[in-house]
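# I need the structure of the sequence given here:
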Amino acid sequence: MFASIRSFFRSSKRSNGKKKNRTPKEQEKKNEEMKEKFYERFQVGKKLGAGNFSVVKQARDTVEERDVAVKIMSKKKLTKEDKEAIKDEVAILKNLQHPNIIDLYGMFEDDQSYFVVTELVQGGELFDRIVEKEFYHESDAAAVIKLMATALGYLNENGVVHRDLKPENILLTDKNDDTTVKLADFGFAKEINPGGEGSELKTTCGTPGYVAPEIIMGKPYGKEVDMWSLGVITFILLCGYPPFYHENQAQLFKLIKKAKYKFDPEFWSEVSDDAKDLVKGLLVVNVEERFTVDDVLDHPWIKNGGCDKDITPALNELRGYQARRRLKKHMLAVKAIKKFEKAGGLAGVVKEKKHELAVTMPVDDMSTLDTVDDESIEVKE
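Down below sits the predicted model:
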């Protein structure tokens with residue numbers, strides 16, 4: 001962790017210490033010092049991507065002698081809530097160190113921008129790599145689910161709920177490595193205190209196709225929501241399409257609240273009973289009966305590494321699913337920007353996260369949201 005960002009973490013609202021009040025001139029001087037230290041340490045290189053409020057660049061850490069990713073966010077384009085959300089995400093990630101969770105190396109800021117430095121992952125999204133395969137077996141899917149369950153177990157131990165687990169947040173570290181996956185995008189992550197005050201969450205957020213029924217129903221919830229999302233991902237990995245789908249979002253949520261899905265023989269006839277059993281254990285409406293991380297890791301399908309059953313036909317479905325998701329994501333981005341511009345930034349706020357656009361709108365019931373089913377949403381309490 002960078003010595004130059006210790007002051008930031010001490011001043012975070014999650015810190016136990018008191019924030020030092022600086023005059024505007026003192027803060028300006030401090031920010032300038034941080035910027036100088038940033039550019040002294042990092043050699044910023046090519047652009048990796050860009051959004052409406054930020055640009056991501058590759059950089060060289062001259063102290064640790066490694067390549068990193070730097071997300072540079074313009075302060076003037078961020079709302080106060082956006083800035084707090086960034087600091088919350090950083091405050092959570094700085095305490096997490098796990099081989100299957102993206103590493104945060106530090107954060108800097110000056111008067112104009114935030115600089116968030118993370119591990120450089122260049123392998124792309126997991127699902128994109130899978131659809132490139134010529135052959136696909138249950139053992140491939142089981143290996144991914146085991147790694148994700150292990151990462152979720154670590155989050156549970158540290159009192160963190162991800163709340164937005166989905167395929168595009170599962171990344172590969174390297175283009176030549178199919179096995180090292182990283183859980184990313186902690187923009188909706190929240191710390192909880194199991195068994196004590198703050199042990200339950202209430203904010204309605206997540207991605208509609210992957211969100212747990214208790215969130216849709218407005219019930220207090222906890223870490224179990226991540227297990228539901230893992231069940232959705234497992235389903236898709238095995239057949240290539242999602243368990244819950246409807247063009248009308250209100251109807252989609254009705255399906256989720258009832259856990260109304262089926263194993264269509266056309267696509268599931270070759271899938272093993274053990275794999276189906278794992279899906280059934282995860283996609284359970286009653287959180288008391290839903291599989292936990294330990295249940296997943298102790299499940300025969302996971303412990304035995306899946307099986308050699310060939311499920312290559314699922315690749316064609318998965319390719320179609322990926323293509324539709326990308327098209328819808330583009331449509332939502334255009335729609336959100338137009339809504340934001342029309343409202344003058346007041347009626348709808350577009351929040352950019354690491355890998356997507358998340359739309360925040362002042363509504364009371366998640367079932368009334370008019371958004372694309374693969375984009376993250378959050379309704380403020």
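
# Cross-check the contact I'm expecting between Ala184 and Asp103.
No: with contact defined as C-beta atoms under 8 Å, Ala184 does not reach Asp103; the gap is 10.2 Å. Bear in mind the C-beta positions are built from the backbone N, C-alpha and C, glycine included.

# which of those two has more neighbours?
Using other C-beta atoms under 10 Å, the more surrounded residue of Ala184 and Asp103 is Ala184, with 21 against 17.

# and the gap between the more buried one and Asp164?
10 Å (C-beta to C-beta, to the nearest Å).

# can you confirm Phe253 is in a helix?
Yes: according to DSSP: H, G, I helix; E, B strand; the rest coil, Phe253 belongs to a helix.

# If I look at it, what pLDDT would I see?
Among the per-residue scores, Phe253 shows a pLDDT of 94.

# what touches both of Ala184 and Asp103?
Common contact partners of Ala184 and Asp103 (C-beta atoms under 8 Å, 6 or more residues apart in numbering): none.

# can you map out the strands along the stretch 1-150 of the chain?
42-50, 54-61, 66-74, 104-109, 113-119 (DSSP state E, counting those that start in this stretch).

# Output the shortest one as CSV, nothing but the C-alphas.
Coordinates of the C-alpha atoms in strand 104-109 are reproduced here as CSV (Å, rounded to 0.1, in the frame of the first residue of the first chain):
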residue,chain,number,x,y,z
LEU,A,104,-6.3,-2.3,-5.1
TYR,A,105,-2.9,-0.7,-4.9
GLY,A,106,-3.8,2.8,-3.9
MET,A,107,-5.6,6.1,-4.5
PHE,A,108,-4.4,9.6,-5.2
GLU,A,109,-6.2,12.8,-5.8
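
# Any stretches of the stretch 151-300 of the chain with poor pLDDT?
178, 194-199 (pLDDT under 70).

# quick one: buried residues of stretch 208-216?
Pro208, Gly209, Tyr210, Val211, Ala212, Pro213, Glu214, Ile215, Ile216 (16 or more other C-beta atoms under 10 Å).

# Mind checking what secondary structure the spatially most central residue of the chain has?
Nearest to the centroid of the C-alpha atoms of the chain, with distances taken as C-alpha atoms, centre = their mean, sits Asp185, at 3.8 Å. Under three-state DSSP, Asp185 falls in the coil class.

# I'd guessed it sits against Arg163; true?
No: counting by C-beta under 8 Å, Asp185 does not reach Arg163; the two are 10.2 Å apart.

# hmm, back to that, now, which of the buried residues of stretch 208-216 sits nearest Leu96?
For the buried residues of stretch 208-216, the minimum distance to Leu96 (C-beta to C-beta) is 20.9 Å, reached by Tyr210.

# Could you verify that that closest one is part of a helix?
No: assessed with three-state DSSP, Tyr210 is coil; it does not lie in a helix.

# Sketch out the helices for the stretch 51-200 of the chain, chain order is fine.
80-93, 126-131, 138-157 (DSSP state H, counting those that start in this stretch).

# wait, which of these is closest to Thr173?
So among those, helix 126-131 is nearest, using C-beta to C-beta, at 10.8 Å.

# who does that closest one touch, helix- and strand-wise?
Here helix 126-131 touches strand 170-172, helix 314-342, going by 3 or more C-beta pairs under 8 Å, 6 or more residues apart in numbering; DSSP states H and E.

# What mean pLDDT does it get?
For helix 126-131, mean pLDDT is 77.

# My guess is Asp277 contacts Val296. True?
No: with contacts counted by C-beta under 8 Å, Asp277 stays clear of Val296, the gap being 11.2 Å.

# what about the two, which has more around it?
Val296 (25 against 14).

# any idea how far the more buried one lies from Asn156?
Val296 is 12 Å from Asn156, by C-beta to C-beta.

# in the stretch 201-350 of the chain, which spans are helices?
213-216, 224-239, 249-257, 265-268, 273-282, 293-297, 300-303, 314-342.
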